[in-house]
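Enquirer: following is a predicted model, sequence given first.
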Amino acid sequence: GWEGFEGGTIELVEEDGNHVIKAKERKNTSSSAKQDLSGKLQKGQSYKITGKLKYDVGPDTKAFHVMLQNGVDYKYRSQAGVINAKKGEWTEFSIDYTAGDKVDGNNTYPFSPTQNYFFIETPWTASLDAEKDLMDYYLDDISMTYEKKIGEEEKPQPGDDSLIEIIENGAFSYCRNLERVTISGGVKTIASDAFYACEKLTDINFEGTMEQWNKIEKAPMWGKGLVIHCTDGEIKVT
């Protein structure tokens with residue numbers, strides 16, 4: 001799920017008729033909204049990061065850096081892309097990112113398969129200005145996707161020989177444009193709020209039988225109203 005990072009805090013607020021994430025009380029340029037993706041990224045895999053960002057106070061335009069940290073501290077951070085935002089407007093972005101080692105001059109910081117974090121910061125500066133550098137900002141429709149089915153069996157990565165069996169809490173939360181998803185028969189648990197605020201999601205393709213689906217451990221009220229399409233029939237979540 002989402003949380004405050006580097007001294008900043010977040011809250012869920014209503015903005016332009018939608019519930020969105022607000023990053024606030026930022027103490028430095030890296031104070032931000034952070035999503036913990038630990039164990040979900042794979043070295044060498046290419047991802048597409050999409051979403052919308054807005055800020056209301058500060059200069060007419062502002063660059064925001066989309067960052068990935070694949071290790072224990074700041075030395076493992078890489079800039080995936082830049083969002084060139086305009087004050088008072090929602091700016092949509094789409095960024096291609098390939099997970100891998102961080103190379104900085106003669107130093108290489110190896111990709112960690114167990115410590116992975118996504119956040120959006122403003123550019124570093126030695127002379128901080130609260131209005132120009134530490135403004136609140138809003139995020140909506142954040143999505144990080146790749147072309148592979150949820151739970152699909154794959155070759156183990158170095159240091160990680162496990163397969164995806166759990167769709168974790170908040171894994172796809174606020175993916176408001178997600179309409180349909182495919183889950184393999186290997187998934188055993190769907191955690192609370194895995195698809196929270198996925199307002200367009202109506203159908204799930206499950207690559208297993210209805211009996212297999214019913215054996216999956218699910219949090220109460222996890223997906224009311226969804227239709228599950230199994231290999232031998234359909235199930236309506238009530």
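Expert: Noted; the coordinates are in hand. The structure displayed is predicted, hence computed values, not measured ones.
Enquirer: now residue 213: phi and psi?
Expert: The phi/psi pair for residue 213 (degrees, to the nearest 10) reads phi -60, psi -40.
Enquirer: and the nearest residue to residue 32 once chain neighbours are set aside, what does it touch?
Expert: In space, and not counting its chain neighbours, residue 32 is closest to residue 119: 4.4 Å by CB to CB, 6 or more residues apart in numbering. The way it works is simple: take the backbone N, C-alpha and C, and place the C-beta from them, glycine included. Each residue near residue 119 by CB atoms under 8 Å, 6 or more residues apart in numbering is listed here: 5, 30, 32-35, 67, 69.
Enquirer: also residue 9?
Expert: Neighbours of residue 9 in contact, by CB under 8 Å, 6+ apart: 23-25.
Enquirer: which non-adjacent residue is nearest residue 209?
Expert: residue 232 (5.0 Å).
Enquirer: what's the helix or strand for residue 131?
Expert: Residue 131 is part of helix 130-133, with elements assigned from DSSP states H and E.
Enquirer: what does that helix contact?
Expert: Helix 130-133 is contacted by residues 29, 57-59, 62, 122-123, 125 when judged by CB under 8 Å, 6+ apart.
Enquirer: one more time with 10 Å
Expert: 26, 28-29, 57-59, 62, 121-125, 127 (CB atoms under 10 Å, 6 or more residues apart in numbering).
Enquirer: residues near residue 49, how many?
Expert: 19 (other CB atoms under 10 Å).
Enquirer: is it in contact with residue 80, as I believe?
Expert: Yes: Residue 49 is within contact range of residue 80, at 6.3 Å (criterion: CB atoms under 10 Å).
Enquirer: look up the residues that both of those two are in contact with.
Expert: With CB under 10 Å, 6+ apart as the test, residue 49 and residue 80 both reach 66, 68, 95-97, 118, 120, 144.
Enquirer: okay, and which of those map to strands?
Expert: Those of those mapping onto strands are 66, 68, 95-97, 118, 120, 144, per DSSP state E.
Enquirer: now these as JSON lines including neighbour count?
Expert: Below are those laid out as JSON lines (neighbours: other CB atoms under 10 Å):
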{"residue": "66", "neighbour count": "20"}
{"residue": "68", "neighbour count": "23"}
{"residue": "95", "neighbour count": "16"}
{"residue": "96", "neighbour count": "10"}
{"residue": "97", "neighbour count": "20"}
{"residue": "118", "neighbour count": "24"}
{"residue": "120", "neighbour count": "24"}
{"residue": "144", "neighbour count": "20"}
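Enquirer: closest to residue 88 out of those?
Expert: Among these, residue 120 lies closest to residue 88 (CB to CB), at 17.8 Å.
Enquirer: so what's that closest one up against?
Expert: So residue 120 contacts 5, 23, 30, 32-35, 49, 51, 53, 64-67, 80, 83, 93, 137, 139, 142 (CB under 10 Å, 6+ apart).
Enquirer: circling back to that earlier point, quick one: buried ones out of the contacts of helix 130-133?
Expert: 26, 28-29, 58, 62, 121-122 (16 or more other CB atoms under 10 Å).
Enquirer: which of those fall within strands?
Expert: Per DSSP E, the buried ones among the contacts of helix 130-133 map to strands at 62, 121.
Enquirer: distance of residue 91 relative to residue 50?
Expert: The gap separating residue 91 from residue 50 is 12 Å, by CB to CB, to the nearest Å.
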